[in-house]
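**Q** Sequence first, predicted coordinates after that:
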Amino acid sequence: MAIDAKMVLELRNRTSAGMVDCKNALEEAGGDMEKAIEVLKKKGAIKAAKKSAERVATEGILATYLHHNKKLASIVELSCETDFVARNEAFIALADDLALQVAAMDPMYVSPETIPADIAEKKKQEFLAEMADEKKPEDIKLKIIEGKLNKWYTEVCLTKQSFIKDDEKTIEQMITALSGTIGEKIEVTRFQRMQMAAHATNAC
């Protein structure tokens, strides 16, 4: 059975595994979606995501930013596993930086995983439609679509954005680095941005 880009994107949406892993799993499973998921599980392609999900971040803090003109503000909820870490200076500094990031860059979602399924699917279909008439091999199309999705994530997802104080690193990298140093799961639970001039708010 021929494996097309739409099938690969569907499997990726269901498992969060990489595009190449999804394509290979579908080929191994003969195009059967459920069998492909089992293949990914056996190969450990979705093991890391499951392991992370098992850890619960129930502590944390709220960090706020208020622009000097008092017309722009943001609030970020940064979570961790213990109250001890919530009082850590580096953790608090990260939360403050995230509040500034939200105010400055106006993201719509925390991460790709928090984008509503219907919106993510609509965007994927847009990219698939753009590639429909392209006479390129299927694997090349997949790489192009993945590139388009990743670029879109950097525009709308907080964790995928470049840090405004240092564009050599992303917000995701900052969170991962501190999590590794501290030894606890750290995640942005939600955020909100408010701006009087536009009478608009973004909440996640």
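**A** Received the coordinates, thanks. Just so we're clear, the structure is a prediction, and the values are computed from it rather than from any experiment.
**Q** Which residue comes closest to Thr64 once chain neighbours are left out?
**A** Nearest residue to Thr64, sequence neighbours excluded (C-beta to C-beta, 6 or more residues apart in numbering): Ile75, at 4.9 Å. For glycine as for every other residue, the C-beta is placed from the backbone atoms N, C-alpha and C.
**Q** Show me how the record splits the protein into domains.
**A** For the chain, the structural domains run 5-52+116-153, 56-112+157-203, going by automatic domain parsing.
**Q** Using JSON lines, lay out these together with mean pLDDT and mean neighbour count.
**A** Listed next are the domains of the chain as JSON lines, based on pLDDT from 0 to 100; neighbours: other C-beta atoms under 10 Å:
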{"stretch": "domain 5-52+116-153", "mean pLDDT": "82", "mean neighbour count": "16"}
{"stretch": "domain 56-112+157-203", "mean pLDDT": "92", "mean neighbour count": "17"}
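**Q** ok so, going back, dump the residue contacts of the residue nearest to Thr64.
**A** By C-beta atoms under 8 Å, 6 or more residues apart in numbering, the residues touching Ile75 are Leu62, Ala63, Thr64, Tyr65, Ala99, Phe191, Gln192.
**Q** correct me, but the last one touches Ser74?
**A** The reference is to Gln192. Yes - Gln192 is within contact range of Ser74, at 6.7 Å (criterion: C-beta atoms under 8 Å).
**Q** re the thing from before, now, which of the contacts of Ile75 sits nearest Ile3?
**A** Ranked by distance to Ile3 (C-beta to C-beta), the contacts of Ile75 are led by Phe191 at 37.7 Å.
**Q** a strand runs through the closest one, doesn't it?
**A** Yes - with DSSP: H, G, I helix; E, B strand; the rest coil as the criterion, Phe191 is located in a strand.
**Q** Specify the beta-bridge partners of it.
**A** Val76 (DSSP bridges).
**Q** Many thanks, I have nothing further to ask.
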